[in-house]
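Engineer: Sequence first, predicted coordinates after that:
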Amino acid sequence: MQTVKKLVLQNREIILLGTAHISKESMEEADRSIREMKPDCVAVELDEQRYKSMQDPESWKNLDIVKVLKEKRGFIMLANLVLGSFQRRMGSDVGVKPGDEMRAAVAAAKEEDIPVVLVDRPIQTTLRRAWARNSFWGKIKLLSALFAAAFEKDEISAEDIENLKRSSEMDSMMGELADYLPTVKTVLIDERDRYLASRIWEAKGNKVLAVLGAGHLPGVEAHLNKIAAGEANCDTSDIENVPTPGIGSKIAGWIFPLVLSALIIAGFFINGAQASLDMLIRWVLWNGSLAALGTLLALGHPLAIITGFVGAPLGTINPFLAVGLFTGLVQAWIRKPKVEDMESLADDAASLKGLYKNRIGRVLLVFFLSSLGGAIGNFIAVPALVGSLLR
């Protein structure tokens, strides 16, 4: 894969510079390209939030974990943390921080008095779309993949990082991602290719230099050619928001409570009131016990564990509630995060031990594992209830 692609479209020159996000060579290439090519505008693969975080590394101190849980962003934050820790670990192996090539590009542009435009979609939108568009099983696969990558201990060399810019390496990675998590690949790569191309096209100037991850170059180039040919436009409004649940998704949220109620009612008419009560108790024990076990595995406070047992059945009956919200809030209330937890969260997320040690990390683990336990309890309970009904 060429790391530099020069396109001439409608009398404009658009230069795509492909980088590896944790590469010293990419840092140097971004700096050198801007100073030598003197573009009218520099477009960087950043959104407003990441740009501000880059300018203000202390932004973690303003984190409100209670607000995160109430806004149902617990899974998103956990995924973001784990992904970020993976990149930091890779960068530490080669002495580079994630996004250093973007920092170098912004710094060089400012020194040359060249306007900088942020062309990436907000990271929260991307992650929430990836999460919302996945099935329950897809969500589990996504988190499993993130955790496996984050806690992988193999060392990564500078040569391995540079190989990420080669077509064969990148094609192989994209192919694996598409096979394993096609929805995630669509949101993380394909949608962003289109979004990046649209924002680059809208950038001012006859000579635009865009600094992008190398994996985006083929897709962005294809979309730019379509825009120039009049085959596509720059309207990306359909991929700028989190998809609202359709009627099917809303109905699906009530399916389990309805199935559960139907089974227990059927037990009453077929085997009597005592059998129906036994079925109800069995479901509560499966659902509540595994949610409590998940909270225990997260080393949650005893009161959070009790909350998991009591809250799981309530969360199942009402799809608008979730046991992870209950347990997470109780854990955060009893073990209030401190300033040092905010300061060290990014580094602590690099290991499971660090997540357990950090009070914010512990809240997220309580949230996730109690939710997972309650869900597993439900999957086990339904076949068990059907079996007892047929006996």
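Structural biologist: Received the coordinates, thanks.

Engineer: drop to CA atoms for contacts and neighbour counts, all remaining ones
Structural biologist: Fine.

Engineer: ok, now how distant is residue 363 from residue 344?
Structural biologist: Look at residue 363 and residue 344: by Cα to Cα, to the nearest Å, they are 15 Å apart.

Engineer: Tell me which of the two has more neighbours.
Structural biologist: In this view residue 363 and residue 344 are compared by other Cα atoms under 10 Å, and residue 363 has more residues nearby, 33 against 15.

Engineer: show me the contacts for the residue nearest to that one when sequence neighbours are not counted.
Structural biologist: In space, and not counting its chain neighbours, residue 363 is closest to residue 328: 5.3 Å by Cα to Cα, 6 or more residues apart in numbering. Residues in contact with residue 328 (Cα atoms under 8 Å, 6 or more residues apart in numbering) are 69, 304, 363-364, 366-367.

Engineer: among those, which two are most distant?
Structural biologist: For these, the maximum inter-member distance is 14.6 Å, found between 69 and 304 (Cα to Cα).

Engineer: With neighbour numbers in mind, choose between the two.
Structural biologist: residue 304 (28 against 21).

Engineer: Check which helices and strands the helix or strand hosting the more buried one is in contact with.
Structural biologist: Assigned by DSSP states H and E, residue 304 belongs to helix 302-317. When contacts are defined as 3 or more Cα pairs under 8 Å, 6 or more residues apart in numbering; DSSP states H and E, helix 302-317 packs onto helix 247-271, helix 273-297, helix 323-334.

Engineer: okay if I get the ones you listed as JSON lines plus mean pLDDT?
Structural biologist: Formatted as JSON lines, those follow (pLDDT from 0 to 100):
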{"stretch": "helix 247-271", "mean pLDDT": "71"}
{"stretch": "helix 273-297", "mean pLDDT": "86"}
{"stretch": "helix 323-334", "mean pLDDT": "88"}
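
Engineer: so which of those helices is the most packed in?
Structural biologist: Scoring these by mean neighbour count under mean count of other Cα atoms under 10 Å gives helix 323-334 as the most buried, with a mean of 25.

Engineer: right, and the helix or strand after that one?
Structural biologist: helix 339-348.

Engineer: helices or strands up against that next one?
Structural biologist: Partner elements for helix 339-348 (3+ Cα pairs under 8 Å, 6+ apart): helix 74-94, helix 352-357, helix 359-390.

Engineer: now residue 183: how far from residue 237?
Structural biologist: Residue 183 is 19 Å from residue 237, by Cα to Cα.

Engineer: Looking at these two, which has the bigger crowd around it?
Structural biologist: residue 183 (20 against 8).

Engineer: Now the helix or strand containing the more buried one: average pLDDT?
Structural biologist: Counting by DSSP H and E, the element that carries residue 183 is helix 182-185. Helix 182-185 carries an average pLDDT of 80.

Engineer: Helix or strand next in line after that helix, which one?
Structural biologist: Using DSSP H and E, the first helix or strand after helix 182-185 is helix 192-202.

Engineer: any idea how far that next one is from the chain center?
Structural biologist: Computed by Cα atoms, centre = their mean, to the nearest Å, the chain-centroid distance of helix 192-202 equals 21 Å.

Engineer: same for that helix, what does it pack against?
Structural biologist: Short answer (3+ Cα pairs under 8 Å, 6+ apart): helix 192-202 packs on helix 217-228.

Engineer: List the buried residues of the helix it packs on.
Structural biologist: Across helix 217-228, burial judged by 16 or more other Cα atoms under 10 Å covers 217-221, 223-225, 227.

Engineer: What sits closest to residue 5 if chain neighbours are left out?
Structural biologist: In space, and not counting its chain neighbours, residue 5 is closest to residue 16: 5.0 Å by Cα to Cα, 6+ apart.

Engineer: scratch that, residue 30 is what I was asking about
Structural biologist: If the residues on either side of it in the chain are set aside, residue 30 comes closest to residue 105, at 5.4 Å by Cα to Cα, 6+ apart.
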